[in-house]
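# Next come a sequence and a model predicted from it.
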Amino acid sequence: RTSDDSDTVYFVGCLPYYDVTFKKLGAEGVEIAQAVVRILNRLGIEPQVMADERCCGHDQLWEGEVETFRALAELNLERLRATGATRVVTACPECARTLKLDYPRFVGDHGLEVLHLSQLLEAELAAGRLELAPLPSPPGDPTATYQDPCRLGRHLGVYDPPRQVLAALGL
């Protein structure tokens with residue numbers, strides 16, 4: 001379920017393009033995006049999803065295409081402001097970093113709270129508003145390996161929330 005007036009926008013990022021670009025690999029970008037909406041719904045959030053959202057511009061900025069990045073950032077910020085939302089949630093570490101650090105640096109302060117999905121889930125767990133059932137134990141060692149995305153860990157300092165969510169799942 002989505003809403004036209006929620007205080008939360010789910011910024012989908014490039015996920016819909018994965019289905020086309022990485023079709024031969026079986027990428028499921030749209031399914032991932034839909035799963036994020038279902039997770040937000042379980043938290044009681046019916047997010048706005050912008051039909052006219054564009055790429056956040058992360059790759060363009062990192063490749064030195066600053067003017068292209070600025071154009072994307074200005075377009076997205078105009079559309080984000082038009083939603084009236086105060087919070088943006090994304091499942092993409094690059095989008096989280098770009099929206100939180102690069103947009104204010106290159107196109108001005110937007111006043112929006114930007115959260116990676118793991119931060120929102122961890123906050124809900126800590127507040128007792130979310131309980132996760134442990135995953136069924138696989139045979140053998142139930143150890144999981146988690147690799148910190150650089151943009152989430154080193155760039156935003158977000159290390160504990162993903163680990164807290166994994167721990168709540170019994171990993």
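Alright, I've got the coordinates. Just so it is clear, the structure is predicted and the values come from calculations on it, not from any experiment.
# so for the longest helix along the chain, what's the average pLDDT?
Looking across the chain with DSSP state H, the single longest helix is helix 66-83. In this model, helix 66-83 has an average pLDDT of 97.
# for that helix, which positions count as buried?
Within helix 66-83, the residues that qualify as buried by neighbour count (16 or more other CB atoms under 10 Å) are 69-70, 72-73, 75-77, 80, 83. Glycine gets a C-beta too; all of them are placed from N, C-alpha and C.
# Off-centre distance for that helix?
Relative to its chain's centre, helix 66-83 lies at 17 Å (CA atoms, centre = their mean, to the nearest Å).
# Would you mind writing the CA trace of that helix as CSV?
As requested, C-alpha coordinates have been extracted for helix 66-83 and formatted as CSV (Å, rounded to 0.1, in the frame of the first residue of the first chain):
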residue,chain,number,x,y,z
VAL,A,66,28.8,17.1,-11.9
GLU,A,67,26.4,19.1,-14.1
THR,A,68,24.4,16.0,-14.9
PHE,A,69,24.4,15.1,-11.1
ARG,A,70,23.2,18.6,-10.3
ALA,A,71,20.4,18.4,-12.8
LEU,A,72,19.2,15.1,-11.4
ALA,A,73,19.5,16.3,-7.8
GLU,A,74,17.5,19.5,-8.5
LEU,A,75,14.8,17.6,-10.3
ASN,A,76,14.5,15.0,-7.5
LEU,A,77,14.5,17.7,-4.8
GLU,A,78,11.8,19.6,-6.6
ARG,A,79,9.7,16.5,-6.7
LEU,A,80,10.6,15.4,-3.1
ARG,A,81,9.6,18.9,-1.8
ALA,A,82,6.3,18.7,-3.7
THR,A,83,5.4,15.6,-1.8
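# Which secondary structure elements does the next helix or strand after that helix sit against?
Of the helices and strands lying after helix 66-83 in sequence (DSSP states H and E), the nearest is strand 87-90. For strand 87-90, the contact count by 3 or more CB pairs under 8 Å, 6 or more residues apart in numbering; DSSP states H and E identifies strand 8-10, strand 113-116, helix 117-126 as packing neighbours.
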